[in-house]
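J.: sharing a model that was predicted from the sequence below.
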Amino acid sequence: MKKTFAGITLVTLAVLPFAAHAQFAKPEDAVKYRKAAFTLMGAHMGRIGAVVKGDKAYDKAAVEQDAAIVEMMSKLPFTAFTPGSDTADSKAKPEIWKEQDKFKAAAEKMQGEVQKLSAAAKAGDLNLVKASFGAVGQSCKACHDSYRNK
Ligand code: HEC
């Protein structure tokens, strides 16, 4: 099971470049896709957050799996910011499409912090998990502050 999961992660990374646009027939499909990925990423960050805050007992295997899901999900939303997909049901700011380099840098910053969180979770180092969880959270917030409508 674990092996399969890791295999899927590798395949996903290999076949999904940063901007794989052609998969979405309509802008609405792209919006749904990226929101779904963000929702899952947020849900599993929340589970780790409960451990970090001390509301939930630390279970190495559970945190490791949550972090692996966050890591996989962190690659997905950014393939779905297709041109013209700042639709009415999206909170994406139009600046995303005007400042593609900065937006991409913010995404890569978060992906890098998520990799560190995942490594800390694998190592079973709770203090490091706490520190890298904080860094991931800041990288989420930094992008939301600039590129997501309230
Ligand atoms: C590079 C920019 C960027 C980064 C980094 C980023 N987000 Fe977001 N996030 C967005 C944008 C833009 C939206 C709005 C998407 C839309 O409505 O089309 C969003 C939306 C969301 C949503 C709402 C989804 C919905 O259903 O409306 C959640 C939850 C979320 N992000 C969680 C996170 C978490 C957790 C992280 C960090 C692990 C993160 N995001 C990192 C840009 C980012």
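T.: That came in fine, so what should we check first?
J.: can you tell me the SS state at T87?
T.: Reduced to three states with DSSP: H, G, I helix; E, B strand; the rest coil, the structure at T87 is coil.
J.: for it, give me the pLDDT.
T.: Note on T87: pLDDT of 92.
J.: wait, it sits on P27?
T.: Yes: if you go by C-beta atoms under 8 Å, T87 and P27 touch, sitting 5.2 Å apart. Every C-beta, even on glycine, is put in place using the N, C-alpha and C of the backbone.
J.: okay, the two: which has more neighbours?
T.: Neighbours were counted for T87 and for P27 using other C-beta atoms under 10 Å; P27 has more, 17 against 12.
J.: quick one: contacts for that one?
T.: T82, G84, S85, T87 (C-beta atoms under 8 Å, 6 or more residues apart in numbering).
J.: can you rerun that using 6 Å?
T.: By C-beta atoms under 6 Å, 6 or more residues apart in numbering, the contact set of P27 is G84, S85, T87.
J.: what's the burial count for the second one?
T.: Using other C-beta under 10 Å, the number of residues around S85 comes to 21.
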